[in-house]
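Visitor: I need the structure of the sequence given here:
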Amino acid sequence: MKTKSSENPIKLISFDLDDTLWDGQKTIHTAQQAMQNWLTRYHPLIAEQALNGRYLELRKEITNDHPELSYNLTFTRKEILRRLFTENIHTKDKALFHAESAFNAFFEARNQVFYFDDALKVIGELKTDFQIAALTNGNADINATGLKPYIDYFYSAELIGAAKPDTRMFKVLLKDAGLKPEECIHIGDHPEHDIISAQSMGMHTIWLNTQEKKWPGNSGPKWEVQTFPQLQQVIYKICLHCT
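Guide: Next up is the predicted model:
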């Protein structure tokens, strides 16, 4: 297959990020622990309150107060922290300052991701034949994660203003790339957010099921893989089937 040839039936491969390219659960757990450690060191009372459940209570409050921003994970986490500090008789300016500092401790660790085996190797090889896109509901920084050199298009829920399974992210990608849905393959770990949503747009999909979960429905996806070498093979199978 020639490099990004106009003869290729598939022009672009898009990937979800958390739990698709890297272990999202492990990454977030590590980041939350880094934030908790920072709070314990500099604000032990607030750290204790967070551990005792106030953090989760505030998350529910903020979701109720700002349902229109439920897709914005950065806003939600910063607002939780701001309210925690405000409740502990910090001035507005100090609450904002401390909340930002606590979030920075989280965000630095959040971008020290745990890539799955062969993920970057396979993406680098795919980039010789396809454009590569990343579509995420999360708030990872592709510069800090080392992903940017591999990516031609990047979209997040925060940038678009909507989270998958809302299809706006896919629509913007197709418009910006100037491609038809059938010229793209989307790869992700989430049955609804990634596979069903992308399929509804007419895109090819591959379920990257690294944890070997059971598909939550009667009919499973057309293509399913557990590893990145398998993924690479299936992508080229789809190309052959499309010719």
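Visitor: which SS state does the spatially most distant residue from the centre of the chain fall under?
Guide: The C-alpha centroid of the chain is most remote from I89, which lies 35.1 Å away (Cα atoms, centre = their mean). Three-state assignment for I89 (DSSP: H, G, I helix; E, B strand; the rest coil): coil.
Visitor: I'd like to know how far Q33 sits from L84.
Guide: From Q33 across to L84, the span is 17 Å (Cβ to Cβ, to the nearest Å). The C-beta positions use only the backbone N, C-alpha and C, and glycine is treated the same way.
Visitor: quick one: which of those two has more around it?
Guide: L84 (24 against 13; other Cβ atoms under 10 Å).
Visitor: The host helix or strand of L84: which residues count as buried?
Guide: Under the criterion of DSSP states H and E, L84 resides in helix 73-87. For helix 73-87, burial by neighbour count (16 or more other Cβ atoms under 10 Å) applies to 73-74, 76-86.
Visitor: what's the average pLDDT for that helix?
Guide: Helix 73-87 shows an average pLDDT of 96 in the prediction.
Visitor: name the helices or strands packed onto that helix?
Guide: helix 44-49, helix 55-65, helix 92-110, helix 157-160 (3 or more Cβ pairs under 8 Å, 6 or more residues apart in numbering; DSSP states H and E).
Visitor: Format these as CSV; extra columns: distance to F130.
Guide: Output for the helices and strands packed on helix 73-87, formatted as CSV (distance: least, Cβ to Cβ, whole Å):
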stretch, distance to F130
helix 44-49, 46
helix 55-65, 38
helix 92-110, 28
helix 157-160, 22
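Visitor: M169 is nearest to which of these?
Guide: Among these, helix 157-160 comes nearest to M169, with 5.1 Å by Cβ to Cβ.
Visitor: Summarise which helices and strands that closest one is packed against.
Guide: helix 73-87, helix 168-177.
Visitor: Run through who's touching it.
Guide: 71-74, 136-139, 163-164, 168-169, 172 (Cβ atoms under 8 Å, 6 or more residues apart in numbering).
Visitor: Now a ChimeraX select for only the buried ones of these.
Guide: Those of the contacts of helix 157-160 that count as buried under 16+ other Cβ under 10 Å are selected in ChimeraX with:
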select :71,72,73,74,136,137,138,139,163,164,169,172
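Visitor: Serialize the contacts of helix 157-160 to JSON lines and add fields for distance to N8.
Guide: Compiled in JSON lines, the contacts of helix 157-160 are given as follows (distance: Cβ to Cβ, whole Å):
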{"residue": "Y71", "distance to N8": "33"}
{"residue": "N72", "distance to N8": "36"}
{"residue": "L73", "distance to N8": "35"}
{"residue": "T74", "distance to N8": "37"}
{"residue": "T136", "distance to N8": "25"}
{"residue": "N137", "distance to N8": "29"}
{"residue": "G138", "distance to N8": "30"}
{"residue": "N139", "distance to N8": "33"}
{"residue": "A163", "distance to N8": "30"}
{"residue": "K164", "distance to N8": "26"}
{"residue": "R168", "distance to N8": "27"}
{"residue": "M169", "distance to N8": "23"}
{"residue": "V172", "distance to N8": "22"}
